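Visitor: everything below, folded, please.
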Amino acid sequence: MTQLKDCIAWKKLEEHYKQFKNVNLRELFRTDPYRFEKFSVHFGDFLLDYSKNLINYNTLLLLVELAEERNLKSMTDKMFSGEKINTTENRAVLHTALRNLSKNPVRVNGWDVMPKIEQVLNQMRRFVDSVHSGEWRGCTGMPITDIVNIGIGGSDLGPSMVCNALRHYSKPGMSVHFVSNIDGTHISEVLKRLNPATTLFIIASKTFTTQETITNANTAKRWFLKGIARHLDDVAKHFVGISTNQDAVKQFGIDPENMFGFWNWVGGRFSLWSSIGLSVALYLGMDKFEELLQGAFEADEHFKNSPFEENIPVIMGLLDIWYSGFFKTATRAVIPYDQYLEFFPDFLQQLEMESNGKRVTKRGKIVNYPTGQVIWGKPGTNAQHSFFQILHQGTQLIPADFIAPIETHNKVGDHHEILLANFFAQTEALMIGKTESEAKEELIALGLSNLEIEELLPHKIFPGNKPSNTILFKKLTPKNLGSLIALYEHKVFVQGVIWDINSFDQWGVELGKQLAKEILPELKANEDTTNHDVSTNGLINYYKTHKQTEHQ
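Guide: Take a look at the predicted model:
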């Protein structure tokens, strides 16, 4: 593939940027009363308004031209058809097959994977129904009331975000908890609130060897056995596994009949649609889980079939390319105006940064352009009272995504109208800012003296011209959440194709794990550690000295 900066469309964008970099959004809106209609897209219950971006119609055409030159449509077809686009691991990328409600065949190595997916979904439904009906009971005969998902990364962030976002739909009497951190505080604080006789643990680890997950799983098993004070056979009534390693699952004490499989063509951060979503299904019910899949499937169809200029993931991905490649932005804020979506920015951090935090192309060449973004955010209106200052008056250009439902699940007085008033106001404020003359008029109206105005005026000016996307959807339902997640998944894919990087591996997480395995026995050794750099040696030895002193 041609180097990105050698693309014809990229060179056109470079010239376009030179003429366009000082564009003023106020002026663009003043001169075009149809700007909102031109730069907004509808899909299902969703509206994307991207008119408050530093673009004109020519920008959009050039970005679409870049997507075409980078063979985005061809790569999309390859992903959906099961070609091995994860080149460094020689794997297909088929999270979309997990929600392929068309039931059309999807083949990997010549085999249709849809029957396997259907088999696991049926297994999940049988299990979920048995727990909810009371047929599945703990070893003392009591029904299950608490689900604990033990996993990390994609085996935690997706399911925990979805369960939190959809807790309005949770099954009465059913609670869900998530343990991921190796810090013993995490599992200790969860276990304090539970009764071992009514708790079901889901151990989610593809290999069943992930250090954090298996350490937490063994701690949970010891707690369970101590609390129940029965025998090892009881473990099978309170633990199930999501894994491909049947021997390890069986050795742990889990009945292989209660092992839920998944496949290496599903990456961890894209896996909540698989059996990794078992905690979601248990918390909400299998029908709601399948509504989640339905929403994602509809977003897949939109992404596959919509023209680029009417395609939400394509537009969002191309805008990120525009800002990072030409305006040199390094971050994007994601601000959901819905408390249920409080963990959505956390989920996107893994989805985007683990996928596209890459420094080499698929062919191993070091890139000479920015890739990836730092994703961060928290719900509005809380965010307005923490980091919005830097958005409005800071020196960095930080594009932002604003996300909100039109309808709320909790109609309390005029709370939702106040929330949405802030939602709409913030994107407008970021765009228009406040000029010196406008700020001065306000200060004069307050009756300030000329000296007071002179001193305060610079602090009251807002430069504006800050770009944002606005995503509105009707209501936060399982189906709409599924669509929202899938739209962002495809946005990440679009970026990876344009940048010519592999969005589906994560070698960058390996080095720290390797070194941690070397250091762990050194922490328990009596002699000083000397085989690292002087800083690491010093830190390890300082820890050991003070740990020994503490116990003397």
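
Visitor: you'd agree residue 104 is in a helix?
Guide: No: Residue 104 is assigned coil when assessed by DSSP: H, G, I helix; E, B strand; the rest coil, not a helix.

Visitor: can you check the pLDDT for it?
Guide: pLDDT recorded at residue 104 is 91.

Visitor: ok, now residue 547?
Guide: Listed pLDDT for residue 547 reads 86.

Visitor: wasn't residue 430 part of a strand?
Guide: No: read with three-state DSSP, residue 430 is helix and lies in no strand.

Visitor: mind listing what it touches?
Guide: If you count contacts by CB atoms under 8 Å, 6 or more residues apart in numbering, residue 430 has them with 52, 391, 392, 400, 464, 466, 467, 468. Just so you know, the C-beta spots here come from the backbone N, C-alpha and C atoms, and that holds for glycine as well.

Visitor: could you list everything the fourth one pairs with in the sheet?
Guide: Partner residues in beta bridges with residue 400, using DSSP bridges, are residue 333, residue 468.

Visitor: neighbours of it, how many?
Guide: By other CB atoms under 10 Å, the residues close to residue 400 number 22.

Visitor: do the same with the fifth one
Guide: The local packing of residue 464 (other CB under 10 Å) involves 17 other residues.

Visitor: quick one: the nearest residue to residue 86 once chain neighbours are set aside from residue 297, how far?
Guide: Of all residues not flanking residue 86 in the chain, residue 504 sits nearest, at 4.1 Å (CB to CB, 6 or more residues apart in numbering). Distance of residue 504 to residue 297, computed by CB to CB, to the nearest Å: 20 Å.

Visitor: just the element for residue 149, please.
Guide: In the assignment (DSSP states H and E), residue 149 maps to strand 146-150.

Visitor: all strands for the stretch 151-300 of the chain, in order.
Guide: Along the stretch 151-300 of the chain, the segments classed as strands by DSSP state E, counting those that start in this stretch run 175-179, 199-204, 239-242, 259-260.

Visitor: how about the ones you listed in CSV, adding distance to residue 68?
Guide: CSV is the format used below for the strands of the stretch 151-300 of the chain (distance: least, CB to CB, whole Å):
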stretch, distance to residue 68
strand 175-179, 42
strand 199-204, 40
strand 239-242, 40
strand 259-260, 41
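
Visitor: out of these, which is closest to residue 524?
Guide: Within the strands of the stretch 151-300 of the chain, the stretch nearest residue 524 is strand 175-179; the backing value is 24.1 Å (CB to CB).

Visitor: what mean pLDDT would you report for that closest one?
Guide: pLDDT averaged over strand 175-179 gives 98.

Visitor: that strand pairs with which strands, and in what direction?
Guide: Strand pairing for strand 175-179, using DSSP bridges, gives strand 146-150 (parallel).

Visitor: run the chain-centre distance for the partner strand.
Guide: Counting by CA atoms, centre = their mean, to the nearest Å, strand 146-150 is centred 20 Å from the centre of its parent chain.

Visitor: stretch 471-480 too?
Guide: For stretch 471-480, the distance from its own C-alpha centre to the chain's C-alpha centre is 16 Å (CA atoms, centre = their mean).

Visitor: that one: end-to-end distance?
Guide: Terminal residues of stretch 471-480 are spaced 12 Å apart (CA to CA, to the nearest Å).

Visitor: and the nearest residue to residue 248 once chain neighbours are set aside, how many neighbours?
Guide: Distances taken as CB to CB, 6+ apart put residue 208 closest to residue 248, at 3.8 Å, once the chain neighbours are dropped. With neighbours defined by other CB under 10 Å, the count for residue 208 comes to 24.

Visitor: quick one: residue 208 from residue 337, how far?
Guide: Relative to residue 337, residue 208 is positioned 40 Å away (CB to CB).

Visitor: tell me the contacts of residue 245?
Guide: Listed by CB under 8 Å, 6+ apart, the contact set of residue 245 reads 206, 207, 208, 209.

Visitor: give me the neighbour count for the second one.
Guide: When you say that, I think you mean residue 207. 11.

Visitor: what pLDDT does it get?
Guide: pLDDT, residue 207: 89.

Visitor: isn't it right next to residue 242, touching?
Guide: No: using CB atoms under 8 Å, residue 207 makes no contact with residue 242, being 11.3 Å away.

Visitor: how many residues are close by the residue nearest to residue 86?
Guide: 25.

Visitor: now it, what's its secondary structure?
Guide: Applying three-state DSSP to residue 504 yields a three-state assignment of coil.
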